[in-house]
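Enquirer: After the sequence you'll find the predicted model.
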Amino acid sequence: MTVTVYIPRDSSALSLGAERTAKAIAVEAKKRDIEINLVRNGSRGMFWLEPMVEVATDGGRVAYAPVQPEDVAGLFDADFLHAGAHPLNLGLTEEIPYFKNQQRLTFERVGVTDPVSLDDYIAHNGYQGLQKALKLGGAEIVKIVTDSGLRGRGGAAFPTGIKWNTVLGAKGTQKYIVCNADEGDSGTFSDRMIMEDDPFVLIEGMTIASIAVGATQGYIYLRSEYPHALKTLNTAIASAYNAGYLGDDVCGSSKAFHLEVRRAAGAYVCGEETSLLESLEGKRGLVRFKPPLPAIEGLFGKPTVVNNVISLATVPIILNKGSQYYADYGMGSSRGTLPIQLAGNIKHGGLVELAFGATLRELLYDFGGGSANGKPIRAVQVGGPLGAFLPESQFDTPLDYEEFNKIWAVLGHGGIVAFDDTVDMAKMARYAFEFCAIESCGKCTPCRIGSTRGAEVMDNIINGKDVQKNIKLVRDLSDTMLHGSLCALGGMTPYPVLSAMNHFAADFENRS
Amino acid sequence: MQLIEQHIAAHKNVPGALLPLLHAIQDDIGYVPQDAYKSIGKALNLSVAEVHGVVTFYHHFRTEPVGRYILQICRAESCQSMGSEKLEAHVKAELGIDYHQTTADGALTLEPVYCLGNCACSPAVMLNDEIYGRVDANKINQIISEARAGELA
């Protein structure tokens, strides 16, 4: 019998040599005259183990990892195609604690299926949510999404159902569904994984959104730094059109939904929804004043749903299994699961999907295994470049939107970047200003000018010049940016700056 | 210019055409020549200043020719936590150029990038569309020499 061998096509796996490993396995199999069925799956998200090779057996998939081309001949010698013993044999993939201890809902298929195979998608619960949605009215779909408690996973955590309800109620012959796939936060890659490793779930989520609010056109605004995601999405969209899941008559429902990927062009601020809409219209990505809300006057002035990749990709399982199933996970007002990304100086970096409520410490040590080099983790930045830095004393904070608010931090898009004890927090504060200066759209003064002046004042602090006076100046400037900026870029740059200053004062005060 | 006219013709009726058009031109010839602003503007009913404004707003678009390979080094926090600053300094010294510059042999243009979404495998770099993780000095030297030899696709 032909054995199926899985080798990921995910960017992170490719970045560690998965393509060479896949070629080596194909060549070696041919040399030995063994027929194998080579599937390029998504990644299981255990990136310290990539490239991970899995072999299908009667008892489940067995992992060998990490596999480099030079290991391949030895694996064949050890009969890895029948789960033979070998130092790289990790046993059943789904019994690896890092994977087993997760609650994978949004990511249920990621790493399991062939991302571009529609048949594989359908065989693993795909398109069941859409089939249910097609039997419901718009208001019923919106109610299910609202009742699930799903909140925007891009970072703002606004209830998805309420946003949809506004678009449903807005008058307009043309409405749009826009997917914000401009995942620019450092330490985040969950959107990329969905798009590369299970693109149909995003397409299905957007299609359900279109049925719910009465939109006929969708755009995925994808960052230009993700060329592999672009290819995968375009391949999947073409298959969905061919099979009648997209087009003028979605699944014979006589409802139309057309979908297209639009490439961004390297501007971080275009992750802000109104800037994104300007960019989609072919303009400079300047942030718009609100109101009007995009739900009322969005793309080309029409009612528009703008949702993050993860929010949209979570909709199919909610429709399929019901709002209560999803709402049963989580804590407080943070319902469901969060795909957490462990990044930076961490031993076991990767994707961990868990119900809200786990603590940072569990993530960093039970899953992450501590820092990559064994040094103490001194600080973590949660929620991207606009997220606060947290010291060890706050590692027991549960991952929950409100609990993070209480300590003046944000969960954002769920990215956690760890730093060891060599980090200079004054330099990190300077970088936060520098990044804001590079990426500011320039529309409002606190962000455009404040960021540049902030970096200059931080330089003075780093050089030990008038330290106390300049610390006060940074605090004043941060106050202006916090309260006077038009969007989160200028308005949240003070989070990393002030949290670094508050929790790691010695790095600022003891400069010589 | 004939190529550019073809791209303009293919995109001018697309809603929000400017970014897709600029991408098509840059994908094709490596940059967006300023000479093309006038034809682009005419087709999309925009002034030359508006076209220039959009091209220069986005970090991705370039108005000058580039090397055969574009090497992007991630400067964001996750990569910093794994030593990307040292890597940047090493690459700049190795190539003898700074960011936004091209080596004298025309092989490589060096660009900063703010996150490649490979943050569990920091530091990360990208050479054209190929991504590399856990990059150290040895690995980057190998990537550079392979690019110089034109061995990479």
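Expert: Yep, that arrived.
Enquirer: what's the burial count for whichever residue of chain B sits closest to chain A?
Expert: Closest approach between chain B and chain A, counting by C-beta to the nearest C-beta: B:A120, at 3.0 Å. Using the backbone N, CA and C atoms, a C-beta is placed for each residue, glycine as well. When neighbours are counted by other C-beta atoms under 10 Å in any protein chain shown, B:A120 registers 29.
Enquirer: got it, and the one 10 residues further on?
Expert: Residue crowding around B:E130 was assessed by other C-beta under 10 Å; the count is 18.
Enquirer: ok, it to A:V269 distance?
Expert: 27 Å (C-beta to C-beta, to the nearest Å).
Enquirer: Next: A:N470.
Expert: 27 Å.
Enquirer: Mind checking which of these two has more residues around it?
Expert: Ranked by neighbour count (other C-beta under 10 Å), A:N470 and A:V269 place A:V269 first, with 28 against 21.
Enquirer: Do you have the helices of the stretch 251-400 of chain A handy? List them.
Expert: A:273-280, A:309-321, A:323-327, A:360-361 (DSSP state H, counting those that start in this stretch).
Enquirer: residue ranges of the helices in chain B, please?
Expert: All helices of chain B, identified by DSSP state H, fall at B:2-11, B:18-29, B:37-44, B:48-57, B:77-80, B:84-95, B:137-148.
Enquirer: okay, those in a markdown table with mean pLDDT and distance to chain A next?
Expert: Converted to a markdown table, the helices of chain B look like this (pLDDT from 0 to 100; distance: least, C-beta to the nearest C-beta, whole Å):
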| stretch | mean pLDDT | distance to chain A |
| --- | --- | --- |
| helix B:2-11 | 95 | 10 |
| helix B:18-29 | 97 | 3 |
| helix B:37-44 | 97 | 7 |
| helix B:48-57 | 98 | 4 |
| helix B:77-80 | 98 | 4 |
| helix B:84-95 | 97 | 9 |
| helix B:137-148 | 95 | 11 |
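Enquirer: Same list (the ones you listed) but as JSON lines, adding distance to A:I438.
Expert: As requested, the helices of chain B are exported to JSON lines (distance: least, C-beta to C-beta, whole Å):
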{"stretch": "helix B:2-11", "distance to A:I438": "29"}
{"stretch": "helix B:18-29", "distance to A:I438": "20"}
{"stretch": "helix B:37-44", "distance to A:I438": "24"}
{"stretch": "helix B:48-57", "distance to A:I438": "12"}
{"stretch": "helix B:77-80", "distance to A:I438": "14"}
{"stretch": "helix B:84-95", "distance to A:I438": "15"}
{"stretch": "helix B:137-148", "distance to A:I438": "23"}
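Enquirer: most packed of these?
Expert: By mean neighbour count, with neighbours taken as mean count of other C-beta atoms under 10 Å in any protein chain shown, helix B:77-80 ranks first of the helices of chain B at a mean of 31.
Enquirer: Sticking with A:G91, tell me its helix or strand.
Expert: Element membership for A:G91 (DSSP states H and E) is strand A:89-92.
Enquirer: Could you say which helix or strand holds A:Y495?
Expert: Judged by DSSP H and E, A:Y495 forms part of helix A:494-503.
Enquirer: Summarise which helices and strands that helix is packed against.
Expert: Secondary-structure packing of helix A:494-503 (3 or more C-beta pairs under 8 Å, 6 or more residues apart in numbering or on different chains; DSSP states H and E): strand A:377-382, strand A:389-391, helix A:425-439, helix A:467-484, helix A:505-509.
Enquirer: switch to 10 Å and redo it
Expert: Applying 3 or more C-beta pairs under 10 Å, 6 or more residues apart in numbering or on different chains; DSSP states H and E, one finds that helix A:494-503 contacts strand A:377-382, strand A:389-391, helix A:425-439, helix A:445-462, helix A:467-484, helix A:505-509.
Enquirer: and A:G74, what does it touch?
Expert: A:67, A:80, A:86-88 (C-beta atoms under 10 Å, 6 or more residues apart in numbering or on different chains).
Enquirer: ok, now which ones touch the closest residue in space to A:Y121 that isn't next to it in sequence?
Expert: Of all residues beyond its chain neighbours, the one nearest A:Y121 is A:F200 (4.3 Å), with distances taken as C-beta to C-beta, 6 or more residues apart in numbering or on different chains. Shown in contact with A:F200 (C-beta under 10 Å, 6+ apart): A:109, A:113, A:115-118, A:120-122, A:124, A:126-127, A:194, A:207, A:233, A:236-237, A:239-240, A:245, A:313, A:316.
Enquirer: Check for me that A:F200 belongs to a strand.
Expert: No: looking at A:F200 with DSSP: H, G, I helix; E, B strand; the rest coil, it is helix, so not inside a strand.
Enquirer: and of the helices of chain B, who's closest to A:V352?
Expert: A:V352 lies closest, by C-beta to C-beta, to one member of the helices of chain B: helix B:77-80, at 15.6 Å.
Enquirer: how much distance is there from the closest one to the middle of the chain?
Expert: Distance, stretch centre to chain centre, for helix B:77-80: 20 Å (C-alpha atoms, centre = their mean, to the nearest Å).
Enquirer: And whichever residue of chain A sits closest to chain B, how far from A:W408?
Expert: Nearest residue of chain A to chain B: A:G349, at 3.0 Å (C-beta to the nearest C-beta). Applying C-beta to C-beta, the value for A:G349 to A:W408 is 26 Å.
Enquirer: For B:D35, grab the count of nearby residues.
Expert: If you count neighbours by other C-beta under 10 Å, B:D35 ends up with 10.
Enquirer: Now it. Nearest residue, chain neighbours left out?
Expert: Spatial nearest neighbour of B:D35, excluding adjacent residues (C-beta to C-beta, 6+ apart): B:M1 at 7.2 Å.
Enquirer: pretty sure the one you found is in contact with B:A36, am I right?
Expert: Yes: if you go by C-beta atoms under 10 Å, B:M1 and B:A36 touch, sitting 7.2 Å apart.
Enquirer: Next one: the residue sitting furthest away from the middle of chain B relative to B:A24, how far apart?
Expert: Centroid-distance maximum for chain B: B:N45 at 27.4 Å, with C-alpha atoms, centre = their mean. Distance, B:N45 to B:A24, by C-beta to C-beta: 19 Å.
Enquirer: Around chain B, which positions in the stretch 301-450 of chain A sit nearby?
Expert: Listed as neighbours of chain B in the stretch 301-450 of chain A under the rule C-beta under 10 Å from any C-beta of the partner chain: A:341-346, A:348-351, A:368, A:371-373, A:377, A:379-381, A:384-385, A:387, A:389, A:415-420, A:422-423, A:427-428, A:431-432, A:434-435, A:438-439, A:441-442.
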